[in-house]
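Asks: after the sequence you'll find the predicted model.
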Amino acid sequence: MAHPRAHGATPQEHPFAQYVRILGKGPNLSRPLTMDEARAAMTMIMKGEVEQAQLGAFLCLLRVKTELPEEAAGLALAIKDSITLPADAPKVDVDWASYAGKSRQLPHYLLAALTLAQHGISVFMHGAENHTAGRVYSSEALASLGVPAATSAEQACAQLRAHNFAYMTLEALSPRLHQVMGLRQLLGLRSPIHTVARMVNPFGAAFTINGVTHPPYMPVHQEGSRLMGERFAAVFKGDGGEVERRPEKDCTVAFLADGQPGTEEWPALIAGTRDKEDGLELPRLKALWTGEDKDEVAAAAIAGTIAIVLRYSGRAASVAEAEGAAQAMWRDRIKTRIPGAV
């Protein structure tokens, strides 16, 4: 039987309540979180120190006002703090976020990442899956190429050392963050976690790249990454929200070059438009790699994606140089060997 509270006693406020109050006190008294406050709040979330009602309120309040770069940076740093890697984790060149899934076109970005890996540029890819019906996600597409997803950080390290490529689902990389992101089905809203999980860069790669669906989020990624201490980064509106160049469209890339922000325009690679594919036939990915399928539009998407990585990771001095080097990489891939395939 619960004991009645003594007359006049004041109930103790939950430590997390301050962060909900900051965001939700009203139109005149609420304010954004500082980066330190966001980091402290997310640390409590990752440690499971908040009540479910508080977590829902916190995520919804952030979503309604849209997270600022300082908030995104603080949240992402707390997530990064919570991820434990082996002490001998290898150096990684490219951190590649894959959080959207594809519904209109095949995930050509995977062939771009594997081409970079085959040419000695290591790529760690991570992503959330199965959050939206009717989409193809990275692990399923990689499986069609014979490339298994890593189920632990140790396995990812081994794959990176052996093949310069590893992919982990968010569920494997951070079960707690996967659980938090799963609240989308309960709340009916996409939470800020879909933005900040992309920014975590768990292996501390020298360069990070993100694709977004909505261009207004590009400055959040750009400035948030700068506040996190990233030196080289790029974000652009990718096909379906993935890191994949839309070859029929001009492309604006927001980047960090040695910590300094900037934007650059890329012209379309092909004329005309692309229709939605009738069915995303995953075996076509392998046919594209082997050269059996010579789809020039797909090749433009692949090389165009490689070019953005080369340009903003400091491996090309101009758009034209990046595009030429990318086309050569794709042309010269070893068609009989897919990195990591078993």
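Replies: Cool, got the structure.
Asks: burial count for Arg21?
Replies: 14 (other CB atoms under 10 Å). Where C-beta positions appear, they are placed from N, C-alpha and C, glycine not excepted.
Asks: go ahead and confirm Gly238 touches Arg245.
Replies: Yes. Using CB atoms under 8 Å, Gly238 is in contact with Arg245, at 7.1 Å.
Asks: the more surrounded of the two?
Replies: Counted by other CB under 10 Å, Gly238 and Arg245 do not tie: Arg245 has more neighbours, with 29 against 25.
Asks: got the contact list for the nearest residue to the more buried one once chain neighbours are set aside?
Replies: Distances taken as CB to CB, 6 or more residues apart in numbering place Gly304 nearest to Arg245, at 3.3 Å, with adjacent residues excluded. Gly304 makes contact with Arg245, Pro247, Cys251, Trp266, Leu269, Glu323, Ala326, according to CB atoms under 8 Å, 6 or more residues apart in numbering.
Asks: what do you get for Asp258?
Replies: Arg231, Phe232.
Asks: hmm, 7 Å instead?
Replies: Contacts for Asp258 (CB atoms under 7 Å, 6 or more residues apart in numbering) come out as Arg231.
Asks: next one: the one 10 residues further on
Replies: If a contact means CB under 7 Å, 6+ apart, then Ala268 has Pro247, Glu248, Lys249, Asp250 as its contacts.
Asks: surely the last one meets Pro267?
Replies: Yes. The pair Asp250 and Pro267 qualifies as a contact (CB atoms under 7 Å) at a distance of 5.9 Å.
Asks: ranking by neighbours, what's the top pick from the contacts of Ala268?
Replies: Result: Pro247 is most packed of these (other CB under 10 Å), 23 neighbours.
Asks: tell me the domain boundaries of the protein?
Replies: Domain assignment of the chain by automatic domain parsing yields the ranges 17-82, 94-331.
Asks: the contacts of Ala268: which two are farthest apart?
Replies: Farthest-apart pair in these is Pro247 and Asp250; separation 10.5 Å (CB to CB).
Asks: model confidence for Arg31, exactly?
Replies: pLDDT recorded at Arg31 is 96.
Asks: who's in contact with it?
Replies: So Arg31 contacts Ile22 (CB under 7 Å, 6+ apart).
Asks: how about 10 Å then?
Replies: If you count contacts by CB atoms under 10 Å, 6 or more residues apart in numbering, Arg31 has them with Ile22, Leu23, Lys25, Glu37, Lys65.
Asks: so how far is Ala133 from the last one?
Replies: Lys65 sits 28 Å away from Ala133, taking CB to CB, to the nearest Å as the criterion.
Asks: between the two, who's got more neighbours?
Replies: Lys65 (15 against 7).
Asks: quick revisit: now for Pro247 and Asp250: what residues contact both?
Replies: What both Pro247 and Asp250 touch, as defined by CB under 10 Å, 6+ apart, is the set Ala268, Leu269.
Asks: so what's the backbone phi/psi at Glu129?
Replies: phi -130, psi 160 (degrees, to the nearest 10).
Asks: can you start the count at 45 instead of 1 from here on
Replies: Renumbered: residue one is now 45, and that last one reads Glu173.
Asks: how about it: what's its closest non-neighbour residue?
Replies: Per CB to CB, 6+ apart, closest to Glu173 is Tyr181, 3.9 Å.
Asks: what's the answer for Ile237, then?
Replies: Closest to Ile237 by CB to CB, 6+ apart is Met225, at 4.8 Å.
Asks: that neighbour and Asn174, how far apart?
Replies: Distance from Met225 to Asn174, by CB to CB: 11 Å.
Asks: between those two, which one's more packed in?
Replies: A count of neighbours by other CB under 10 Å puts Met225 above the other of Met225 and Asn174, at 21 against 13.
Asks: mind listing what that one touches?
Replies: Here Met225 is in contact with Leu103, Tyr143, Ala172, His175, Leu214, Glu215, Ser218, Arg234, Ser235, Ile237, His238, Ala241 (criterion: CB under 10 Å, 6+ apart).
Asks: same question for Ala101.
Replies: Per CB under 10 Å, 6+ apart, neighbours of Ala101: Phe60, Ala61, Tyr63, Val64, Arg65, Leu67, Gly68, Val94, Glu95, Leu231.
Asks: mind listing what's buried along the helix or strand it falls within?
Replies: Assigning secondary structure by DSSP states H and E places Ala101 in helix 96-109. Using 16 or more other CB atoms under 10 Å as the test for burial, helix 96-109 gives Gln98, Leu99, Gly100, Ala101, Phe102, Leu103, Cys104, Leu105, Leu106, Arg107.
Asks: much appreciated, bye for now.
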